[in-house]
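Engineer: mind folding the following:
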Amino acid sequence: MNCQAVAEAEKNMVFAARLTQRGHRIATMEDLMALYEKSFSDATLEAISALPHPTVQKFAVITVAVVGASRRFLAQITRHQNEVKFMSASLQYSNYTGQADFAVPYEILTAPAAVRELYLKSCHEGMDCYEKLCSAGIGHDAAGYATPQGLRNVLIISATPYQWKHIISQRVCRRNTDETRIVLLKIWEELYALSPSLFSPSQTGPFCQMDKCLERKMTCGQKLAATMTPEDILRNDYPVLLEGDGA
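Structural biologist: Numbers count the residues shown, from 1 in each chain. Below is the predicted model:
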């Protein structure tokens, strides 16, 4: 949502790193601002981003809006609590009567039509129960327990660049559900377009892409090439999405 925050994060990161080495040269606020406004190259940005000093990547907050992911995704992604803030549409205050839509898991999306119909039938039955409960005078909060996990949601996520990279590296791993991977790959795709140096595959991708798989015996055994961008991974693992049939 605040795309300018990516450029701000880049600038603050380089400034913070330079400050640690130039404190003896700063005697006035003018000296400090001159250092803050000093230009830098992509090579400098990438080098500093790769340093084992995450604090320099925590002086800006990037806010992302996710529209249409399921409430199951909400339950999974909100496990990340360190330096991350979430705001979601509320089942307590929102009335989904006649307004429900459902995320379709990729495996079901690519299955025969009968399978997709079976899934959507179950989702609608849950919402039918929700609507009957509301009609019976039950509040939206209590009736919300009858809603399916596939109910589409709206979620706002704010995190520092360092935490975004951490979340992405964990959640685009094939050990996650397809929906979680797809959402985080799309977020990564947007961030990578804004800053290829800060969010490069070598610093943001899953563990197997940056170095080696850490899942040990739970590994998928399908290492991603170091040069693959988020768009490449989406095209390779979820080709149906690129045909315009979004999940």
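Engineer: where does Ala27 sit: helix, strand or coil?
Structural biologist: coil (DSSP: H, G, I helix; E, B strand; the rest coil).
Engineer: now it: phi and psi?
Structural biologist: The phi/psi pair for Ala27 (degrees, to the nearest 10) reads phi -110, psi -20.
Engineer: give me the number of residues near it?
Structural biologist: By other C-beta atoms under 10 Å, the residues close to Ala27 number 8. Quick note: C-beta positions are derived from backbone N, CA and C, even for glycine.
Engineer: correct me, but Met133 touches Ala142?
Structural biologist: Actually, residue 133 is Leu rather than Met. Yes - look at Leu133 against Ala142 with C-beta atoms under 8 Å: they come within range, at 7.2 Å.
Engineer: neighbour count: those two, which is higher?
Structural biologist: Leu133 (17 against 12).
Engineer: the nearest residue to that one once chain neighbours are set aside: helix or strand, and which one exactly?
Structural biologist: In space, and not counting its chain neighbours, Leu133 is closest to Ala143: 3.9 Å by C-beta to C-beta, 6 or more residues apart in numbering. In this structure, Ala143 sits in helix 140-143 according to DSSP states H and E.
Engineer: helices or strands next to that helix in the packing?
Structural biologist: The contact analysis (3 or more C-beta pairs under 8 Å, 6 or more residues apart in numbering; DSSP states H and E) places helix 140-143 against helix 113-135.
Engineer: part of a strand, is Lys85?
Structural biologist: Yes - looking at Lys85 with three-state DSSP, it is inside a strand.
Engineer: specify the beta-bridge partners of it.
Structural biologist: Taking DSSP bridges as the rule, Lys85 bridges to Ser158.
Engineer: quick thing: my sequence starts at 682, can you match it?
Structural biologist: Right, with 682 as the first residue, what we last looked at is Lys766.
Engineer: wait, isn't it in contact with Leu836?
Structural biologist: No - the criterion here is C-beta under 8 Å, and Lys766 misses it with Leu836 at 11.1 Å.
Engineer: the residue nearest to Leu814: neighbouring residues, count only.
Structural biologist: 24.
Engineer: and Ile914, by the same measure?
Structural biologist: Neighbour number of Ile914 under other C-beta under 10 Å is 23.
Engineer: can you tell me the closest non-neighbouring residue to it?
Structural biologist: Using C-beta to C-beta, 6+ apart and skipping the chain neighbours, the partner closest in space to Ile914 is Leu866 (5.8 Å).
Engineer: same question for Ser769.
Structural biologist: Leu836 (4.9 Å).
Engineer: secondary structure class for the one you found?
Structural biologist: strand.
Engineer: per-residue confidence at it?
Structural biologist: pLDDT, the model's per-residue confidence, is 96 for Leu836.
Engineer: distance of it from Ala728?
Structural biologist: Per C-beta to C-beta, to the nearest Å, Leu836 is found 34 Å from Ala728.
Engineer: show the contacting residues for the spatially most central residue of the chain.
Structural biologist: The centroid of the chain falls nearest to Leu865 when counting by C-alpha atoms, centre = their mean (3.8 Å). Applying C-beta atoms under 8 Å, 6 or more residues apart in numbering to Leu865 gives the contacts 848-849, 852-853, 857.
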